[in-house]
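K.L.:
Next come a sequence and a model predicted from it.
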Amino acid sequence: MAYDPATAERVRHLLADRHDVHERKMMGSLAFMAKGGMCCAVSGRGGLLVRIVPETQPRLIARPHVRPMVMAGRPVSSFVRVMPEGYRTHAALRKWVQCGLDAVAALKTRPTPRRPPRRPRASAAARKTLAG
């Protein structure tokens with residue numbers, strides 16, 4: 001099932017003034033990436049997937065039209081699925097998109113893993129000398 005192009009256009013409009021956001025098609029959804037992290041996605045299964053701070057999930061899923069995001073049969077604590085009724089108005093959609101942007105901003109940036117320095121290899125002549 002393809003994502004809803006009208007919802008995608010509404011999200012695009014909300015994020016139009018940000019230069020750090022780009023779109024990426026992922027798993028039948030259209031994801032909106034900010035600072036390298038997915039802030040929200042228009043789902044191919046219906047609704048809007050929104051990144052959240054995991055500690056807020058119980059409070060958010062108590063709201064109408066919001067449920068946990070489930071992937072491979074397991075709930076994902078850092079995302080919720082908002083059904084279309086939950087973002088019908090411009091103000092409601094703006095609030096959910098901002099929630100996703102705030103959650104991405106709260107992510108801890110992981111340093112790029114560095115390889116340990118390579119030890120110089122001994123030459124063939126040195127290996128023969130060491131071997132004896």
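P.N.:
Sure, I can see it. Residues are numbered from 1 along each chain as shown.
K.L.:
now what about the helix or strand harbouring Leu101, what contacts it?
P.N.:
Element membership for Leu101 (DSSP states H and E) is helix 90-106. Here helix 90-106 makes contact (C-beta atoms under 8 Å, 6 or more residues apart in numbering) with 10-11, 14-15, 32, 34-35, 37-40, 48, 50-53, 78, 82, 86-87. For the C-beta atoms, the positions are set from N, CA and C on the backbone; glycine is no exception.
K.L.:
switch to 6 Å and redo it
P.N.:
10, 14, 34-35, 37, 39-40, 50-53, 82, 87 (C-beta atoms under 6 Å, 6 or more residues apart in numbering).
K.L.:
Out of those residues, which comes closest to Leu60?
P.N.:
Ile52 (6.0 Å; C-beta to C-beta).
K.L.:
And the closest residue to the closest one other than its chain neighbours, how close does it get to Ser77?
P.N.:
Nearest residue to Ile52 in three dimensions, chain neighbours excluded: Ala103, at 5.2 Å (C-beta to C-beta, 6 or more residues apart in numbering). Going from Ala103 to Ser77 by C-beta to C-beta, to the nearest Å gives 11 Å.
K.L.:
Which one's more surrounded, these two?
P.N.:
Ala103 (22 against 15; other C-beta atoms under 10 Å).
K.L.:
Next secondary structure after the helix or strand encompassing Val11?
P.N.:
Taking DSSP H and E as the criterion, Val11 maps to helix 5-15. For helix 5-15, the succeeding helix or strand toward the C-terminus, using DSSP H and E, is strand 21-26.
K.L.:
can you list the weak-confidence ranges in this protein?
P.N.:
Counting by pLDDT under 70, the ranges of the chain that qualify are 1, 109-122, 126-127, 130-132.
K.L.:
Spatially central residue in it, please.
P.N.:
For the chain, the residue nearest the mean C-alpha position is Met38 (2.4 Å; C-alpha atoms, centre = their mean).
K.L.:
and it, helix, strand or coil?
P.N.:
strand (DSSP: H, G, I helix; E, B strand; the rest coil).
K.L.:
which residues touch it?
P.N.:
By C-beta under 6 Å, 6+ apart, the contact set of Met38 is Ala31.
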